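Novice: here is the input, now give the coordinates:
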Amino acid sequence: MQTLSLSLSLLFFYRSKSPAMGDDYLQLFVDETTLYNRIVLANLLPSKWWDPLPHVLQTWLRNYIAGTLLYLVSGLLWCFYVYYLKRNVYVPKDDIPTRKAMLLQIFVAMKAMPWYVGLPTVSEYMIENGWTKCFARISDIGWFAYLVYLVIYLVLVEFGIYWMHRELHDIKFLYKHLHATHHIYNKQNTLSPFAGMF
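Specialist: Alright, predicted model coming up:
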């Protein structure tokens, strides 16, 4: 349900007040987000830290924690596999990045993480408030429309990522202050799985 919701939220950015998008229908999206918030936050933090927060901040915190865990766990597993289990198969021993380089990459990624999780948080907020045309169930639109919307969404996301990355290079201020760090890791002995996020 969330994939369809997010894909359609960016595809149709307008406030819809059709009968299908009434308050009861929008509550389905709020309930879904609340469930995800509780799954992540209730299992990792004391409730007194996050329960008093407004719903949108709970969603941001959930995205931040889940994104950070996904980044760290996948990076660690990838490093373990490539650098230790398959040592000298994929990367010669002399080309394995130093711990210092990897820690710096993690530090830079952690500085970027609060901003990265902002987009899905805003997207979920827009969906919950009916500012997008979303469907809670595939049966509301059918499989064909679902697949068409999904393909359009993926094309638009790739297009947007390409242009955002291009602008990070073309706008000198953005390159110098945001993106240049990404390009110091361009050799095998400095590039690690942790460098891919910034």
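Novice: just for this structure, where's the confidence low?
Specialist: Along the chain, the parts satisfying pLDDT under 70 run over 1-21, 196-198.
Novice: roughly how far apart are the spatially most central residue of the chain and Val40?
Specialist: The geometric centre of the chain, computed from its C-alpha atoms, lies nearest to Val117 (C-alpha atoms, centre = their mean), at 5.6 Å. To Val40, Val117 is 12 Å away according to C-beta to C-beta, to the nearest Å. All C-beta spots, glycine's among them, are computed from the backbone N, C-alpha and C.
Novice: for Pro92, same thing?
Specialist: Computed as C-beta to C-beta, the Pro92 to Val40 distance reads 39 Å.
Novice: and what of Leu72?
Specialist: Per C-beta to C-beta, Leu72 is found 15 Å from Val40.
Novice: and stretch 107-122, how far out from the chain's middle?
Specialist: In this view, stretch 107-122 has its centroid 8 Å away from the chain centroid, taken as C-alpha atoms, centre = their mean, to the nearest Å.
Novice: show me which positions of it end up buried.
Specialist: By 16 or more other C-beta atoms under 10 Å, the buried positions in stretch 107-122 come out as Val108, Ala109, Met113, Tyr116, Val117, Pro120, Thr121.
Novice: same list, those residues, but as TSV with distance to Tyr146 and secondary structure please.
Specialist: Converted to TSV, those look like this (distance: C-beta to C-beta, whole Å; DSSP: H, G, I helix; E, B strand; the rest coil):
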residue	distance to Tyr146	secondary structure
Val108	37	helix
Ala109	33	helix
Met113	31	helix
Tyr116	26	helix
Val117	26	coil
Pro120	20	helix
Thr121	24	helix
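Novice: so can I have a markdown table of those showing distance to Pro97?
Specialist: Formatted as a markdown table, the buried residues of stretch 107-122 follow (distance: C-beta to C-beta, whole Å):
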| residue | distance to Pro97 |
| --- | --- |
| Val108 | 14 |
| Ala109 | 14 |
| Met113 | 20 |
| Tyr116 | 22 |
| Val117 | 26 |
| Pro120 | 29 |
| Thr121 | 32 |
